[in-house]
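K.L.:
What would the 3D arrangement of this be:
(2 chains)
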Number of protein chains: 2
Amino acid sequence: MHRCQPPDAVVWPQNVEQVSQLAALCYGQGVPIIPFGTGTGLEGGVCAVQGGVCINLTHMDKILELNLEDFSVVVEPGVTHKALNTHLRDSGLWFPVDPGADASLCGMVATGASGTNAVRYGTMRENVLNLEVVLPGGELLHTAGLGRHFRKSAAGYNLTGLFVGSEGTLGLITAATLRLHPAPEATVVATCAFPSVQAAVDSTVHILQAAVPVARIEFLDDVTMDACNKHSQLNCSVAPTLFLEFHGSEQVLAEQLQRAEEITQDNGAFHFSSAKEAEERSRLWAARHSAWYAVLALRPGYKGYSTDVCVPISRLPEILVQTKEDLKAQGLTGAILGHVGDGNFHCLLLVDPEDPEELHRVMAFSELLGRRALALHGTCTGEHGIGLGKRQLLQEEVGAVGMETMRRLKAMLDPRGLMNPGKVL
Amino acid sequence: MHRCQPPDAVVWPQNVEQVSQLAALCYGQGVPIIPFGTGTGLEGGVCAVQGGVCINLTHMDKILELNLEDFSVVVEPGVTHKALNTHLRDSGLWFPVDPGADASLCGMVATGASGTNAVRYGTMRENVLNLEVVLPGGELLHTAGLGRHFRKSAAGYNLTGLFVGSEGTLGLITAATLRLHPAPEATVVATCAFPSVQAAVDSTVHILQAAVPVARIEFLDDVTMDACNKHSQLNCSVAPTLFLEFHGSEQVLAEQLQRAEEITQDNGAFHFSSAKEAEERSRLWAARHSAWYAVLALRPGYKGYSTDVCVPISRLPEILVQTKEDLKAQGLTGAILGHVGDGNFHCLLLVDPEDPEELHRVMAFSELLGRRALALHGTCTGEHGIGLGKRQLLQEEVGAVGMETMRRLKAMLDPRGLMNPGKVL
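P.N.:
Residues are numbered from 1 along each chain as shown, chains lettered A, B, ... in the order given. This is a model prediction of the structure:
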């Protein structure tokens, strides 16, 4: 949705020393610096709005250190989460944060990514132990100290946390130490259809309150289900649906599944089925992860735009119902799906790229939705970030003192305003 | 261990407006400000090293808002974690972070507290959703925006994370929005004795690798066990011991217990027993939480000092063995216990307050231990904070650029250096 704005030059450094030299050179000459990973972000975070040098970090793609007993790994910025999990296969560990696209892990740090597994394993914020950062002037910062990979610390200010979600505006992340998790012994997936959005959300809250350690709990509305049925040859009901996943031993899974089924039936679910076999599970999640393309296929030639609000879970039903009404009132085609265990959902909007009026309506809808979320004590972005388009909403979200504090942080680390300019603030 | 250094005045504000007015007044007059909760911190965080005004926040002790469906609560700074959990009784939810002492929750935010449940539920860093902070000049900051209590966000810089663990040096925390968890349906505790420290730590790693979702896994060395036996009338083996706790349904607990027993036996454990009844469980944890007093009772009239390092779990056996040898070499009485699932342990040292030479040896021992942890890629403080005594170790831990970044953060938010001066930096 954000128009491509190319930089003046692209460079592919091979190591951190080169990144540091490049940063010092650009900064000294007053040239904007745009860090680039896989470019899979959705909020225009890599647009070179003021030109400058794009530092493409994909050639730095080594897994530097793996500590199985310590549940930690150190990766360079070109390593994607799929590449890491391929490397970890047979190790008994995995890295669960999965934003959908095969993003680079350091890019995921920069945007504070999360995705379907966050309800159980947390977002990037909870899974980064240390960062190597090239500061705008070229200095090298190790946010938790050089080579450290402890699980917790109370030593000084949380510099690691400051860079997670900073969207490339405070420095270039050249290595990340990540927390790994034990790979699940067994996995089972369930799908469950409901008569209403309210019933699906109530089931989610009850499952969480019952301490069922669900690994994924994804909501797909009727439009999304219809699109997925057609695109991925599913045969699901066209109704508000939950996709659930459970991780554990065979015995534990059976119990979790039974509890989830009881809870969903108590809330009026009219269909519940589960899949243990890897093939069937993959088919269901492939359909979920292809939902974007499935929805796009509803109107060939159209482009997609995704909203990304997150609200307290109890407010989900009202905002989902309102959103459906807004779509109808605006004459827009939109499908809703979301990480409902976190209160985060996306509305995938279809827009005719040749129709500026429709584009305008889509953007107005998105802004309205952002404000609805803010009014319900939510956030304008659960996981995509602020980027270019949500800067006004961020101001409304955090208020004048919050913005002033963020601006002072930016000015402190990037006094010349050259690190990924025009984003976030 | 830190000598009491009283402030020039103590004030007890009743509400955030008064805190704001007090902060503005003090700051304008160049008077140091020392925030005070329950005063249970161990690193001298409330010492008024430059005099000034102590702002005692204990009269602000209301639970402002409880959102059961959203798993969140808003508390004023005088609310302790026990008071919160008493309030939550019968709600089906609880707040798991428990540093041992009945500390105030906002004080726990300030020190980045954790404790026995952190291995499963995380530390304060993972359980704070929003903070109301009075900045040094009196301005009011809502780190995630006024009234917001979403579970995740990617909106701008992580201001909440910046204040967690800031030890009162960046502002006064006047309200915290915390994440609640479902109360466990059932609980079982196990104790397990080992022939060596290595066997106990190996068991811990294997239990974590097997994805057994242990809620607590605490290590107590032979000295601690001996002291607990005497002080709390236990009848445990005087050997390296693990106290474990599991949360879940009856069926899940039985399986977790069986797995833990198998793993510990594979590692040579010579005793494993479990307790389901609330009374027996309470007795065991009361003994664990009284370990400090039990160890103090070994040498009546002596004072205690606790170290607090944290290392990657794989390095625990060597540092524990080295620590035992150092104790012997220095002729010091010390007991070791720790949150071994996080790699964090404490050495409780006994010191004759009338013997300056012994006090000197204790401090030298503590510094040596801190450096040993740093050499093993660890941290000088897992949960107690830097306070007064670990500022030199912090410099060695995060390096010159890390320190410079922290100093600039401090100068940005507190340019006159009046917020809890002399701590952290």
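
K.L.:
got the contact list for the helix or strand hosting A:M363?
P.N.:
A:M363 belongs to helix A:356-375 when assigned by DSSP states H and E. Identification of contacts with helix A:356-375 by C-beta atoms under 8 Å, 6 or more residues apart in numbering or on different chains yields A:305, A:307, A:309-311, A:319, A:322-323, A:326-327, A:330-332, A:334, A:347, A:349, A:351-353, A:379-380, A:389-390, A:392-393, A:396-397, B:145. All C-beta spots, glycine's among them, are computed from the backbone N, C-alpha and C.

K.L.:
If you count contacts, what does the following helix or strand past it end up packed against?
P.N.:
Using DSSP H and E, the next helix or strand after helix A:356-375 towards the C-terminus is helix A:391-413. Under the contact criterion of 3 or more C-beta pairs under 8 Å, 6 or more residues apart in numbering or on different chains; DSSP states H and E, helix A:391-413 touches helix A:356-375, strand B:140-142, helix B:159-163, helix B:391-413.

K.L.:
so, in contact with chain A or not, the third one?
P.N.:
Right, the one you point to is helix B:159-163. Yes. Under the criterion of C-beta under 8 Å from any C-beta of the partner chain, chain A is reached by helix B:159-163 at B:159, B:161-162.

K.L.:
From the chain's centroid, how far away is the following helix or strand past that helix?
P.N.:
Sequence order places strand B:172-179 as the next helix or strand after helix B:159-163, per DSSP H and E. Here the centre of strand B:172-179 is set off from its chain's centre by 17 Å, with C-alpha atoms, centre = their mean, to the nearest Å.

K.L.:
Quick one: list the elements packing against strand B:172-179.
P.N.:
Right, strand B:172-179 is packed against helix B:16-29, strand B:33-36, strand B:72-75, helix B:105-111, helix B:124-127, strand B:128-134 by 3+ C-beta pairs under 8 Å, 6+ apart.

K.L.:
helices and strands around the fifth one, which ones?
P.N.:
Under the contact criterion of 3+ C-beta pairs under 8 Å, 6+ apart, helix B:124-127 touches helix B:105-111, strand B:172-179.

K.L.:
which one of the ones you listed is the most hemmed in?
P.N.:
Between the helices and strands packed on helix B:124-127, helix B:105-111 has the highest mean count of neighbours, a mean of 30, where neighbours are mean count of other C-beta atoms under 10 Å in any protein chain shown.

K.L.:
can you tell which of the helices and strands packed on strand B:172-179 is closest to A:L64?
P.N.:
helix B:124-127 (24.7 Å; C-beta to C-beta).

K.L.:
same question for the closest one, mean pLDDT?
P.N.:
Taken as a whole, helix B:124-127 has an average pLDDT of 97.

K.L.:
one step back: could I get the helices and strands packed on strand B:172-179 as a markdown table with distance to A:A211?
P.N.:
As requested, those are exported to a markdown table (distance: least, C-beta to C-beta, whole Å):
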| stretch | distance to A:A211 |
| --- | --- |
| helix B:16-29 | 34 |
| strand B:33-36 | 35 |
| strand B:72-75 | 16 |
| helix B:105-111 | 22 |
| helix B:124-127 | 16 |
| strand B:128-134 | 19 |
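
K.L.:
highest average neighbour count across the ones you listed?
P.N.:
Among those, the stretch with the highest mean neighbour count (mean count of other C-beta under 10 Å) is helix B:105-111, at a mean of 30.

K.L.:
Any part of the following helix or strand past that one near chain A?
P.N.:
Next helix or strand after helix B:105-111 toward the C-terminus (DSSP H and E): helix B:118-121. Yes. On the criterion C-beta under 8 Å from any C-beta, helix B:118-121 is in touch with chain A at B:A118.

K.L.:
Return the residues in contact with the residue in the stretch 151-300 of chain A that chain B sits nearest to.
P.N.:
Ranked by C-beta to the nearest C-beta, the top residue of the stretch 151-300 of chain A for proximity to chain B is A:G161, at 3.3 Å. Contacts for A:G161 (C-beta under 8 Å, 6+ apart) come out as A:125, B:125, B:158, B:161-162, B:164.

K.L.:
Give me the helices and strands touching the helix or strand harbouring A:L284, please.
P.N.:
A:L284 is part of helix A:278-289 when elements are defined by DSSP H and E. Of the remaining helices and strands, those touching helix A:278-289 by 3+ C-beta pairs under 8 Å, 6+ apart are strand A:186-193, helix A:222-232, strand A:241-248.

K.L.:
can you list these in CSV and add mean pLDDT?
P.N.:
CSV is the format used below for the helices and strands packed on helix A:278-289 (pLDDT from 0 to 100):
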stretch, mean pLDDT
strand A:186-193, 96
helix A:222-232, 95
strand A:241-248, 96
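
K.L.:
re earlier: do you know which of the helices and strands packed on helix A:391-413 lies nearest A:G44?
P.N.:
Closest among those, once you apply C-beta to C-beta, is helix A:356-375, at 12.8 Å.

K.L.:
okay, the angle between that closest one and helix A:391-413?
P.N.:
Here helix A:356-375 points in a direction 70 degrees away from that of helix A:391-413 (axes from the mean of the first three to the mean of the last three C-alpha atoms, to 10 degrees).

K.L.:
before we move on, the earlier item: mind listing what's buried along the helix holding A:L284?
P.N.:
The neighbour-count check on helix A:278-289 (16 or more other C-beta atoms under 10 Å in any protein chain shown) flags A:281, A:283-285, A:287-289 as buried.

K.L.:
which ones are touching A:A411?
P.N.:
When contacts are counted by C-beta under 8 Å, 6+ apart, A:A411 is found next to A:G417.

K.L.:
Could you dump the helices and strands packed on helix A:391-413 into CSV and include mean pLDDT?
P.N.:
Shown next, in CSV, are the helices and strands packed on helix A:391-413 (pLDDT from 0 to 100):
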stretch, mean pLDDT
helix A:356-375, 95
strand B:140-142, 98
helix B:159-163, 98
helix B:391-413, 98
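
K.L.:
buried stuff in the helix holding A:M363?
P.N.:
A:358-359, A:361-362, A:365-367, A:369-374.

K.L.:
of all the residues you listed, which comes closest to A:A48?
P.N.:
A:L359 (22.1 Å).
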